[in-house]
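Novice: Any chance you can model this:
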Amino acid sequence: MVSVCIIARNEGKVIQSLFENMKSQDYSHKDMEIVLIDSMSTDNTKALMQQFATESEKNGFACVNVYENKKMIQSAGWNVAIEKAKGDIIIRVDAHTMIPSEFVRKSVECIESGEYVCGGARPNIAVPRTKWTDVLLATESSMFGSGIAIYRRKKDKKRYVKSVFHGAYRKEVFEKVGGFNEKLGRTEDNEMHYRIREAGYRICYDPEIISYQHIRSTWRGMIRQKYSNGYWVGLTLGVCSKCLALYHFIPFLFVLSLIAGLVLGLTVSWMPIFLLCIVYGIFCLGNTVLMFLHHKNNLYFLISPLIFLSLHVMYGLGTMVGIAKMPIWRKKVYYQ
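Specialist: Here you go, the predicted model:
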């Protein structure tokens, strides 16, 4: 049996569409268990989960069960899901997601081909589609925005990687390496996949497996997300520094360079920060021109440089704050 695990907190606006995606899966429903974890939502998320569970027999699933994640953080939610899952294969799916009808089948086929952990492409989508959300989508998806990871692109070849999104796992992998580190409010995937690799398993990226992630539909929401992502990158240094890559710290280094440039400008010369702004501006304007040419009728793309700058600065500032609150310094875990 396959256990599809979904955790959510206050995702009432999007989770119903994910349930529709689950009902449309072309993998045998009688061999699918749906494990739903509510992280103490204050909206109608849990009610929607319970409603979906009552329809499990009509939809042909082996079972649909709803559980609570009283700690509310994602890592704890995944641990509840893994503990409750009865399947030999566990598939993790975020609530803010859209999955095609073949998603579960393709994931299972990859595992049954001999892999122990696998995942695939996870490009971004925007709902609803407007001229403004098209700008946010293009900014988020570009390599200059935050699209450097392999899983953000559809076109690639099958290979072994360090991490995957919406992964499928043989349950024995978790039995060997343990659960998710509950010291981490985010970046739990990076830390878990690091331990999986250290245990001798390989993580397979299969481009035939595709899922889609909803971006934040507002500039403010995207900024808050980037700050929080950067914040947890900083904190993760004190928990498992080896699970992070250099690219995680590029916004942090950019913000440090800005601060250093300002200090030098006030004391020695403005030339360093001038050169930094020139180089950053070239990349920023280059990406903006490419996006604008692709969306010629959308003048909102003209403010893309401001969006890029805000995302990079807020991510970098979040990392600075996270490092300042690093657990090895404060001996305390910070949740956000």
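
Novice: quick one, helices of the stretch 101-250 of the chain?
Specialist: Taking DSSP state H, counting those that start in this stretch to define them, one finds helices in the stretch 101-250 of the chain at 103-112, 131-141, 171-177, 188-198, 219-240, 250-267.

Novice: Now tabulate the ones you listed in TSV and tack on mean pLDDT and mean neighbour count.
Specialist: Placement of C-beta: from N, CA and C, glycine included. Supplementary listing: these in TSV, determined by pLDDT from 0 to 100; neighbours: other CB atoms under 10 Å:
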stretch	mean pLDDT	mean neighbour count
helix 103-112	98	21
helix 131-141	90	20
helix 171-177	96	15
helix 188-198	95	20
helix 219-240	92	20
helix 250-267	94	15
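
Novice: Okay, residue 253 and residue 320: tell me how far apart.
Specialist: In this view, residue 253 and residue 320 are 11 Å apart by CB to CB, to the nearest Å.

Novice: Kindly report the same for residue 77.
Specialist: Taken as CB to CB, the spacing of residue 77 relative to residue 320 amounts to 28 Å.

Novice: Can you tell me the SS state at residue 43?
Specialist: coil (DSSP: H, G, I helix; E, B strand; the rest coil).

Novice: who touches it in this structure?
Specialist: 10-12 (CB atoms under 8 Å, 6 or more residues apart in numbering).

Novice: how about it, phi and psi?
Specialist: Main-chain torsions, residue 43, degrees, to the nearest 10: phi -110, psi -150.

Novice: picking that back up, I'd like to know which of the helices of the stretch 101-250 of the chain lies nearest to residue 297.
Specialist: Put simply, out of these the one that sits nearest residue 297 is helix 131-141, at 8.2 Å, with distance taken as CB to CB.

Novice: CA atoms of that closest one as CSV?
Specialist: In CSV, the C-alpha atoms belonging to helix 131-141 read as follows (Å, rounded to 0.1, in the frame of the first residue of the first chain):
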residue,chain,number,x,y,z
LYS,A,131,-1.0,40.3,-14.8
TRP,A,132,0.4,40.9,-11.3
THR,A,133,0.7,37.2,-10.3
ASP,A,134,2.3,36.5,-13.6
VAL,A,135,5.1,39.0,-12.6
LEU,A,136,5.5,37.3,-9.2
LEU,A,137,5.5,33.9,-10.8
ALA,A,138,8.2,34.8,-13.4
THR,A,139,10.3,36.4,-10.6
GLU,A,140,10.0,33.5,-8.3
SER,A,141,10.7,30.9,-11.1
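
Novice: With only the CA atoms kept, save the one helix or strand residue 67 maps to in PDB.
Specialist: Residue 67 is located in strand 63-68, with elements delineated by DSSP states H and E. Extracted in PDB, the C-alpha atoms of strand 63-68 (Å, rounded to 0.1, in the frame of the first residue of the first chain):
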ATOM      1  CA  CYS A  63      -8.700   4.700   4.100                       C
ATOM      2  CA  VAL A  64      -8.400   8.400   4.800                       C
ATOM      3  CA  ASN A  65      -7.500   9.400   8.300                       C
ATOM      4  CA  VAL A  66      -7.100  12.800  10.000                       C
ATOM      5  CA  TYR A  67      -4.600  13.500  12.800                       C
ATOM      6  CA  GLU A  68      -3.500  16.500  14.800                       C
END
